[in-house]
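>>> Got a sequence here, can you model it:
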Amino acid sequence: MELRQLRSLIMLVESEFSVSRAASRLNLVQPAVSQHLKQLEEELGTRIFRRQGKRLVGLTDAGEKVLHYARATLAGAANLLAVGRDHVEEGTGVLRIGATHTQARYVLPPVIRSFREAYPAVEVQIHQANPLQLVEMAVNDAVDLAICTEALDRNPALTAIPSYRWNRCLIALPDHPALEARPVTLDTLCEYPLVTYVFGFTGRGHLSDTFARDGLRPHVVLSATDTDVIKTYVREGLGIGIIADLAYEEDKDADLGVRALSHLFPAEVTKIAYPKDKYLQRFQQRFIDLFQQEATRIIRSSRAR
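Purely as a prediction, here's the structure:
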């Protein structure tokens with residue numbers, strides 16, 4: 001049994017059992033991938049694929065177990081290589097970061113700037129996804145580190161490190177009456193059309209729960225995963241916006257009024273996570289440290305407004 005056979009199996013599953021797509025993603029010809037899969041099944045001595053005619057359509061119960069151990073085997077092999085690189089080629093390699101839009105747009109830029117100064121020979125890749133996708137990417141070693149607020153700490157296969165706490169703010173056109181409320185209440189927010197995050201992103205679940213506990217139902221007219229999209233439609237007069245407070249930029253958003261909402265909603269905690277059995281190279285650990293330092297600075301700055 002060879003590692004390339006296990007890679008072909010994993011990529012086949014991630015390619016929804018399309019052999020041609022798996023081959024393309026592995027930079028191999030299709031017959032090579034088909035041969036790897038055939039050899040793997042023959043060596044195991046049992047069927048691991050479900051078929052419709054000659055087409056592979058899924059995994060058998062045995063195949064599911066094989067997939068689990070294939071991923072663990074490749075993760076172990078990656079750890080072995082990482083140990084070697086850490087002692088022979090320290091400061092080189094690729095750092096794969098998975099993050100939501102809010103993290104990638106508002107928190108990561110200064111972190112990556114500092115990281116690049118310390119490790120100029122390390123290539124940084126940013127993969128944007130939703131929280132559930134980020135969990136899957138981290139568990140399957142598609143990224144080295146995943147960053148978001150939701151989901152990461154609920155998966156037992158991941159080590160999730162709390163990094164910083166944040167809350168929300170109200171944004172609106174400068175002359176909007178919602179900005180004049182003293183104080184801004186949940187009832188105030190329910191008086192106007194609301195633009196905010198899609199459920200499952202950036203604390204939307206806790207936001208919705210807070211309204212529900214008071215028997216209130218806000219009039220959400222538009223939801224988005226991208227904070228910049230929310231700002232755009234607030235500027236278009238579609239409604240008032242609720243965004244992460246760290247995403248309000250005084251220099252770029254001076255045309256919008258802002259009010260803190262920390263007195264209405266529970267604080268959220270953003271985490272950075274990786275597989276529990278992952279060997280962290282020095283530059284990966286350094287990135288975690290920088291992320292926590294920079295995120296703390298950004299939050300302090302947003303609270304000082």
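>>> Just the pLDDT at residue 254, thanks.
The score at residue 254 is 94. That number is its pLDDT.
>>> Likewise for residue 303?
Listed pLDDT for residue 303 reads 59.
>>> So for stretch 150-159, mean pLDDT?
In this model, stretch 150-159 has an average pLDDT of 89.
>>> For it, what is the distance to the chain centroid?
Its chain's C-alpha centre and that of stretch 150-159 lie 12 Å apart, by Cα atoms, centre = their mean, to the nearest Å.
>>> And for stretch 82-102?
Mean-position distance between stretch 82-102 and its chain equals 17 Å (Cα atoms, centre = their mean).
>>> As PDB, could you dump the C-alpha coordinates of that stretch?
The C-alpha trace of stretch 82-102 is given here as PDB (Å, rounded to 0.1, in the frame of the first residue of the first chain):
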ATOM      1  CA  ALA A  82       6.900  19.000   9.200                       C
ATOM      2  CA  VAL A  83       9.300  17.900  11.900                       C
ATOM      3  CA  GLY A  84      12.100  17.500   9.400                       C
ATOM      4  CA  ARG A  85      11.400  20.900   7.700                       C
ATOM      5  CA  ASP A  86      11.300  22.600  11.100                       C
ATOM      6  CA  HIS A  87      14.800  21.500  11.800                       C
ATOM      7  CA  VAL A  88      16.400  21.700   8.400                       C
ATOM      8  CA  GLU A  89      14.400  24.400   6.500                       C
ATOM      9  CA  GLU A  90      13.100  26.600   9.300                       C
ATOM     10  CA  GLY A  91      11.400  29.700   7.900                       C
ATOM     11  CA  THR A  92      10.400  28.200   4.600                       C
ATOM     12  CA  GLY A  93       7.200  26.600   3.400                       C
ATOM     13  CA  VAL A  94       3.500  27.300   2.900                       C
ATOM     14  CA  LEU A  95       1.100  28.600   5.500                       C
ATOM     15  CA  ARG A  96      -2.600  27.800   4.600                       C
ATOM     16  CA  ILE A  97      -5.100  30.000   6.400                       C
ATOM     17  CA  GLY A  98      -8.800  29.400   6.300                       C
ATOM     18  CA  ALA A  99     -11.000  32.300   7.400                       C
ATOM     19  CA  THR A 100     -14.300  34.000   7.000                       C
ATOM     20  CA  HIS A 101     -14.600  37.300   5.000                       C
ATOM     21  CA  THR A 102     -14.600  39.400   8.200                       C
END
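>>> mind checking which helix or strand of this structure has the lowest mean pLDDT?
Evaluated with mean pLDDT, DSSP states H and E, the helix-and-strand set of the chain has its lowest mean pLDDT in helix 61-88, which scores a mean of 79.
>>> Following that helix in sequence, what is the next regular element?
Scanning forward in sequence from helix 61-88 by DSSP states H and E, the next helix or strand is strand 93-99.
>>> farthest residue from the center of the chain?
Computed with Cα atoms, centre = their mean, the maximum C-alpha offset from the centroid of the chain is found at residue 45, amounting to 38.5 Å.
>>> Please report the distance of it from residue 1.
12 Å (Cβ to Cβ, to the nearest Å). Backbone N, C-alpha and C define where each C-beta goes, glycine included.
>>> Give the other helices and strands that the least confident helix or strand of the chain contacts.
For helix 61-88, the packing partners by 3 or more Cβ pairs under 8 Å, 6 or more residues apart in numbering; DSSP states H and E come out as helix 3-14, helix 30-44.
>>> So for the shortest one, what gets flagged as buried?
Within helix 3-14, the residues that count as buried by 16 or more other Cβ atoms under 10 Å are 5, 6, 7, 8, 9, 10, 11, 12, 13.
>>> Quick one: residues contacting residue 65.
Residue 65 makes no contacts at all, as judged by Cβ atoms under 8 Å, 6 or more residues apart in numbering.
>>> how far away is it from residue 72?
Taking Cβ to Cβ as the measure, residue 65 and residue 72 are separated by 11 Å.
>>> Please apply the same query to residue 168.
The separation that residue 168 has from residue 72, given Cβ to Cβ, amounts to 40 Å.
>>> Please identify which of the two sits among more neighbours.
In terms of neighbours (other Cβ atoms under 10 Å), residue 168 is the more surrounded of residue 168 and residue 72; the figures are 28 against 13.
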